[in-house]
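Asks: 3D model of this:
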Amino acid sequence: MFEKYQLFENYMKSCMSDSAHDTEHIYRVLNLCLEIAKYENDVDFDILIISAFLHDIGREIQFKNPSLCHAKVGSEMAYNFLIENNYSKELAEKVKHCIFTHRFRSENPPETIEAKILFDADKLDACGLIGIARTLMYKGKVNEPLYVKINGKISNGEQQNEISFFQEYKRKLEKLYDKFYTKRGKEIALNRQKNAVFFYENLYSELTQF
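Replies: As a prediction, this is how the structure comes out:
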């Protein structure tokens, strides 16, 4: 099915080096996009699939320079790549919008159905145990701790400025589940939510047991 998109898959592979945002993340997001799209109308699958393949190509640039936004950088990279490969400006602009608006921490909400599907699919890969595993992998890569102590006690991440896994759980992972645009995306997210809550609560309980 994806032979016609080999160009984009190869370009994506040349850009990926982050273990938490690797090629398998891309394939999971792509499969989730296709699952959600089955429940929506008037989806342009070229735009959706190309956007899914390319949505994180700006990650490495952001990792090297945290002041940059991978969604903005990646959207511009994707646009230029499409134009250079003789795709229409109209298609390139639509893909650019999908990638630019896919980020959770953004003031630029998705407007098209393809952008909304990509947003939801990418967020689903941050939900449940998959999201927790990816977060822990990333925290390890950038040498951030599992938790911090405040006044000698392990913080659960609430009202905490210091970076840690628990802080990321409270700041982002816990709040993902009401941020979906599609009905199918929200259904999948809610099915995964209980596993994430179970993991977080039991991990904190073990750490603070004695």
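Asks: Wait, residue 144 touches residue 165, no?
Replies: Yes: using Cβ atoms under 8 Å, residue 144 makes contact with residue 165 at a distance of 7.3 Å. The way it works is simple: take the backbone N, C-alpha and C, and place the C-beta from them, glycine included.
Asks: Neighbour count: the two, which is higher?
Replies: Neighbour comparison, residue 144 and residue 165: the larger count goes to residue 165, with 22 against 17 (by other Cβ atoms under 10 Å).
Asks: Would you agree that one is in contact with residue 140?
Replies: No: counting by Cβ under 8 Å, residue 165 sits too far from residue 140 to count as a contact (9.4 Å).
Asks: Pretty sure residue 66 sits in a strand.
Replies: No: counting by DSSP: H, G, I helix; E, B strand; the rest coil, one finds residue 66 to be coil, located in no strand.
Asks: How is the chain partitioned into domains?
Replies: If you go by automatic domain parsing, the domain ranges for the chain are 1-115, 126-210.
Asks: Dump those into a markdown table; add mean pLDDT as well.
Replies: Below are these laid out as a markdown table (pLDDT from 0 to 100):
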| stretch | mean pLDDT |
| --- | --- |
| domain 1-115 | 92 |
| domain 126-210 | 94 |
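Asks: Pick the most deeply packed of the ones you listed.
Replies: domain 1-115 (a mean of 18; mean count of other Cβ atoms under 10 Å).
Asks: how about the helices in the chain?
Replies: 6-15, 23-37, 45-54, 59-64, 70-84, 89-100, 113-124, 128-141, 165-171, 183-207 (DSSP state H).
Asks: and the second one, what other elements does it pack with?
Replies: By that I understand helix 23-37. Contacts defined by 3 or more Cβ pairs under 8 Å, 6 or more residues apart in numbering; DSSP states H and E place helix 23-37 against helix 6-15, helix 45-54, helix 113-124, helix 183-207.
Asks: Could you pull up the residues touching the residue nearest to the spatial centre of the chain?
Replies: Closest residue to the average C-alpha location of the chain: residue 122 at 4.0 Å, with Cα atoms, centre = their mean. If you count contacts by Cβ atoms under 8 Å, 6 or more residues apart in numbering, residue 122 has them with 29, 55, 102, 104.
Asks: how about the helices of the chain in a markdown table, adding distance to residue 153?
Replies: Listed next are the helices of the chain as a markdown table, based on distance: least, Cβ to Cβ, whole Å:
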| stretch | distance to residue 153 |
| --- | --- |
| helix 6-15 | 42 |
| helix 23-37 | 35 |
| helix 45-54 | 43 |
| helix 59-64 | 32 |
| helix 70-84 | 35 |
| helix 89-100 | 41 |
| helix 113-124 | 32 |
| helix 128-141 | 20 |
| helix 165-171 | 12 |
| helix 183-207 | 10 |
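Asks: do you know which of these lies nearest residue 154?
Replies: Across the helices of the chain, residue 154 has its closest neighbour in helix 183-207 (5.5 Å, Cβ to Cβ).
Asks: Can you get me the centre-to-centre distance for the closest one and its chain?
Replies: 17 Å (Cα atoms, centre = their mean, to the nearest Å).
Asks: That one to helix 23-37, inter-axis angle?
Replies: Interaxial angle, helix 183-207 versus helix 23-37 (axes from the mean of the first three to the mean of the last three Cα atoms, to 10 degrees): 130 degrees.
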